[in-house]
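*Asks:* give me coordinates for this.
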Amino acid sequence: MNFKKELAEVLHQALEGELASQNIEQLIEKPKNQDHGDLAFPCFSLAKLKRKAPNLIAQELSEKIQSPTFEKIEVVGAYLNVFLNKKLVAEQIINNIINEKGQYGAHDFGQGGNVTIDMSSPNIAKPFSMGHLRSTVIGNAIALILEKCGYKPIKINHLGDWGTQFGKLISAYKRWGDEEKVKANPIKELLALYIKFHAEAETNPALEDEGRGWFKKLEDGDQEAHSLWQWFRDESLKEFSRIYQLMNVEFDSYAGEAFYNDKMDRVVQLLEEKQLLVESDQAQVVELTEEELPPCLIKKSDGATLYATRDLAAAIYRKENYDFVQSLYVVGHEQSLHFKQLIAVLNKAGFEWADKMVHIPFGMMLKDGKKMSTRKGKVVLLEEVLNESIAMARHNIEEKNPNLADKDGVAKQVGVGAVIFHDLKNNRMNDIEFSLEEMLRFEGETGPYVQYTFARASSILRKAGWKAETALAAVYQTTWENEWKVISMLMEFSNAIKRACENYDPSQVAKYIVDLAQVFNKYYAEVKVLEESEEQNARLALVYSVTIVLKEGLRLLGIEAPEEM
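*Replies:* Next up, the predicted model:
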């Protein structure tokens with residue numbers, strides 16, 4: 001079903017093997033305008049090889065191409081414009097989709113290889129903010145897309161459950177905390193204490209030392225410090241799992257920063273053995289001058305280990321434990337330098353697999369053009385956003401379809417889907433301006449628009465009483481002329497998935513399903529699908545194929561597809 005490949009093979013034979021078919025395939029384009037054909041081959045690169053004008057080469061090749069798959073060849077200048085045989089191709093695509101259902105568009109180049117994905121990773125004792133939405137939904141979609149391409153994703157929630165901030169929090173709790181209040185509303189109270197600590201520290205710098213002192217106690221295993229830390233962690237996880245459940249996101253591991261506490265000495269020892277540690281301002285660093293990077297700080301002057309030490313321990317642990325073929329880190333772009341240093345240090349230490357580690361950066365979630373900050377209390381809580389989005393979706397349903405059977409279930413699918421899609425439709429490197437109104441629109445490039453298109457197509461099939469089983473044995477009485485734009489889009493699904501996988505870019509799938517929904521809606525507005533005619537069976541088979549691909553496209557983004565809205 002790879003028509004590009006098929007054309008490349010035909011051209012390879014027409015050129016009598018003068019150019020490898022892989023090279024030809026790379027040159028084949030998809031014309032922007034469908035009037036110029038379904039595929040196009042530019043002959044410029046053959047001019048040197050053939051010592052002829054490209055337009056003459058195009059003319060000669062056009063006379064040699066013979067295949068039932070290609071209906072017509074047009075020569076325009078140096079271009080060969082190739083038109084596919086609509087009937088043959090359309091029926092092949094439709095039958096493939098109906099046979100394969102959710103498997104349609106899949107690849108197997110992952111060959112079952114393990115891929116660890118470090119994603120979400122919120123800090124405990126702080127609320128789950130909109131800032132953490134991006135790593136969560138981008139990571140989850142990448143995992144689903146990798147799985148579709150034959151990999152085995154392992155999702156790791158590398159919780160922020162260690163570090164100086166916990167010393168500050170313990171200090172704040174000891175000074176101003178109230179056990180009953182924290183028990184009643186843990187995250188809200190702990191956040192208030194954290195914000196108060198920073199506000200007070202601005203006028204009383206000694207507080208910072210007190211915070212560091214408590215963290216040192218925590219590192220040294222002080223019982224009081226440890227039991228407070230454990231309590232903060234347990235309460236946070238309860239809160240987080242409620243939000244993850246709302247978004248249908250699951251993890252294979254919750255091993256956070258604290259998990260690596262007993263694994264860092266080995267890293268320091270290993271770097272010493274390899275003679276990579278150098279003293280600098282009483283701290284221990286790995287010099288990365290040759291890599292044109294600043295030195296990587298491994299151990300502070302007071303003996304405390306750092307982020308880099310911990311992440312080195314985590315990388316080694318993951319390789320030993322999961323034997324990954326790739327190790328991905330879905331972390332904001334402000335951490336780019338950290339990951340460059342991390343990979344460089346592992347390379348220097350002789351770990352060849354370090355090159356299989358990939359930092360997948362993304363832009364920020366902005367509120368009124370500014371970054372959200374927990375420290376200053378300028379934070380938008382993800383759970384509140386999800387609940388508000390669900391409530392708005394529920395209100396829309398009451399207005400537009402008050403007799404809908406499962407209003408609450410559909411409102412949740414639409415409300416949560418809207419928030420996820422609003423993030424994933426953007427190239428991940430772009431900053432995103434947070435806007436609920438924008439997310440929930442039923443037109444344009446939104447989740448509800450795609451879900452509504454799926455629900456509408458499902459409703460057409462219900463009204464027609466259409467059954468997929470009968471379709472496979474059917475003979476389609478149509479030329480597929482009116483349906484060709486939709487067929488062309490369905491053909492592209494597999495390519496969109498491949499691009500999304502290779503570039504770690506879920507927006508490729510999001511853009512694809514918006515385009516498919518738009519092409520389908522235009523088709524439905526122009527063609528009377530439910531009108532009885534000899535073409536009706538073919539049209540319903542097409543509608544069914546569209547529902548399969550839209551549902552699968554949404555699933556790959558971590559979004560559900562309601563059959564009624």
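
*Asks:* how does this protein divide into domains?
*Replies:* 3-84, 382-556 (automatic domain parsing).

*Asks:* mean pLDDT and distance to residue 356 for those - can I get that in CSV?
*Replies:* (C-beta placed from N, C-alpha, C; glycine too.) Shown next, in CSV, are those (pLDDT from 0 to 100; distance: least, CB to CB, whole Å):
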stretch, mean pLDDT, distance to residue 356
domain 3-84, 93, 25
domain 382-556, 93, 13
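
*Asks:* tell me which of those sits nearest to residue 274.
*Replies:* Ranking these by proximity to residue 274 (CB to CB) places domain 382-556 first, at 30.9 Å.

*Asks:* where's the closest one relative to the chain centroid, distance-wise?
*Replies:* 18 Å (CA atoms, centre = their mean, to the nearest Å).

*Asks:* before we move on, the earlier item: can you list the domains of the chain in JSON lines and add mean neighbour count and distance to residue 314?
*Replies:* As requested, those are exported to JSON lines (neighbours: other CB atoms under 10 Å; distance: least, CB to CB, whole Å):
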{"stretch": "domain 3-84", "mean neighbour count": "16", "distance to residue 314": "38"}
{"stretch": "domain 382-556", "mean neighbour count": "18", "distance to residue 314": "20"}
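
*Asks:* which parts of the chain are strands?
*Replies:* 39-42, 70-76, 79-84, 114-118, 152-156, 277-280, 283-286, 296-299, 326-330, 357-360, 365-367, 370-371, 432-433 (DSSP state E).

*Asks:* adding distance to residue 187, write those out as a markdown table.
*Replies:* As requested, the strands of the chain are exported to a markdown table (distance: least, CB to CB, whole Å):
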| stretch | distance to residue 187 |
| --- | --- |
| strand 39-42 | 55 |
| strand 70-76 | 62 |
| strand 79-84 | 57 |
| strand 114-118 | 23 |
| strand 152-156 | 22 |
| strand 277-280 | 39 |
| strand 283-286 | 34 |
| strand 296-299 | 31 |
| strand 326-330 | 23 |
| strand 357-360 | 28 |
| strand 365-367 | 19 |
| strand 370-371 | 21 |
| strand 432-433 | 24 |
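
*Asks:* out of those strands, nearest to residue 399?
*Replies:* Taking the strands of the chain one by one with CB to CB, strand 432-433 is closest: 26.5 Å.

*Asks:* mind listing the strands that closest one pairs with, and their directions?
*Replies:* With DSSP bridges as the test, strand 432-433 is paired with strand 365-367 (parallel).

*Asks:* got a list of contacts for the strand it pairs with?
*Replies:* 130-131, 133-134, 372, 378, 380, 423, 431-434 (CB atoms under 8 Å, 6 or more residues apart in numbering).

*Asks:* of all the strands of the chain, which one is nearest residue 529?
*Replies:* strand 79-84 (23.0 Å).

*Asks:* I figured residue 336 hits residue 361, correct?
*Replies:* Yes. Taking contacts as CB atoms under 8 Å, residue 336 lies within contact range of residue 361: 5.7 Å.

*Asks:* of the two, which one has the most company?
*Replies:* More neighbours surround residue 361 than the other of residue 336 and residue 361, with 17 against 12 (other CB atoms under 10 Å).

*Asks:* quick check: pLDDT value at the closest residue in space to the more buried one that isn't next to it in sequence.
*Replies:* Closest residue in space to residue 361, ignoring its immediate chain neighbours: residue 333 at 3.5 Å, by CB to CB, 6 or more residues apart in numbering. Per-residue pLDDT puts residue 333 at 93.

*Asks:* list the contacts for residue 333?
*Replies:* 361-363, 429.

*Asks:* hmm, back to that, looking at the strands of the chain, which is closest to residue 240?
*Replies:* Nearest of the strands of the chain (CB to CB): strand 152-156, 13.8 Å.

*Asks:* distance between the closest one and the chain's centre?
*Replies:* 13 Å.

*Asks:* so which elements touch that strand?
*Replies:* Packing partners of strand 152-156 (3 or more CB pairs under 8 Å, 6 or more residues apart in numbering; DSSP states H and E): strand 114-118, helix 133-148.

*Asks:* in it, what counts as buried?
*Replies:* By neighbour count with 16 or more other CB atoms under 10 Å, strand 152-156 contains the buried residues 152-156.

*Asks:* for the record, mean pLDDT for that strand?
*Replies:* Rounded mean pLDDT across strand 152-156 is 98.

*Asks:* ok, residues contacting that strand?
*Replies:* With contact meaning CB under 8 Å, 6+ apart, strand 152-156 is reached by 110, 112-119, 139-140, 142-144, 146-147, 250-253, 255, 318, 322, 324.

*Asks:* buried among the residues you listed? Need that as a selection in ChimeraX.
*Replies:* Only the buried entries of these go into this ChimeraX selection, using 16+ other CB under 10 Å:
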select :110,113,114,115,116,117,118,119,139,140,142,143,144,146,147,251,253,255,318,322,324
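
*Asks:* alpha carbons only: can I get the longest helix along the chain in PDB?
*Replies:* Across the chain, the longest stretch assigned as helix under DSSP state H is helix 223-246. The C-alpha coordinates for helix 223-246 follow below in PDB (Å, rounded to 0.1, in the frame of the first residue of the first chain):
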ATOM      1  CA  GLN A 223      14.100  10.400  61.800                       C
ATOM      2  CA  GLU A 224      11.900  13.500  62.200                       C
ATOM      3  CA  ALA A 225      12.900  15.000  58.900                       C
ATOM      4  CA  HIS A 226      12.400  11.700  57.100                       C
ATOM      5  CA  SER A 227       8.900  11.000  58.600                       C
ATOM      6  CA  LEU A 228       7.700  14.500  57.600                       C
ATOM      7  CA  TRP A 229       9.100  14.000  54.100                       C
ATOM      8  CA  GLN A 230       7.400  10.600  53.800                       C
ATOM      9  CA  TRP A 231       4.100  12.100  54.900                       C
ATOM     10  CA  PHE A 232       4.400  15.000  52.300                       C
ATOM     11  CA  ARG A 233       5.200  12.400  49.600                       C
ATOM     12  CA  ASP A 234       2.300  10.000  50.400                       C
ATOM     13  CA  GLU A 235      -0.300  12.800  50.400                       C
ATOM     14  CA  SER A 236       1.000  14.200  47.100                       C
ATOM     15  CA  LEU A 237       0.800  10.900  45.400                       C
ATOM     16  CA  LYS A 238      -2.800  10.500  46.400                       C
ATOM     17  CA  GLU A 239      -3.600  13.800  44.900                       C
ATOM     18  CA  PHE A 240      -1.600  13.200  41.700                       C
ATOM     19  CA  SER A 241      -3.100   9.800  41.000                       C
ATOM     20  CA  ARG A 242      -6.600  11.400  41.100                       C
ATOM     21  CA  ILE A 243      -5.500  13.800  38.300                       C
ATOM     22  CA  TYR A 244      -3.700  11.100  36.300                       C
ATOM     23  CA  GLN A 245      -6.900   9.000  36.500                       C
ATOM     24  CA  LEU A 246      -8.900  11.900  35.100                       C
END
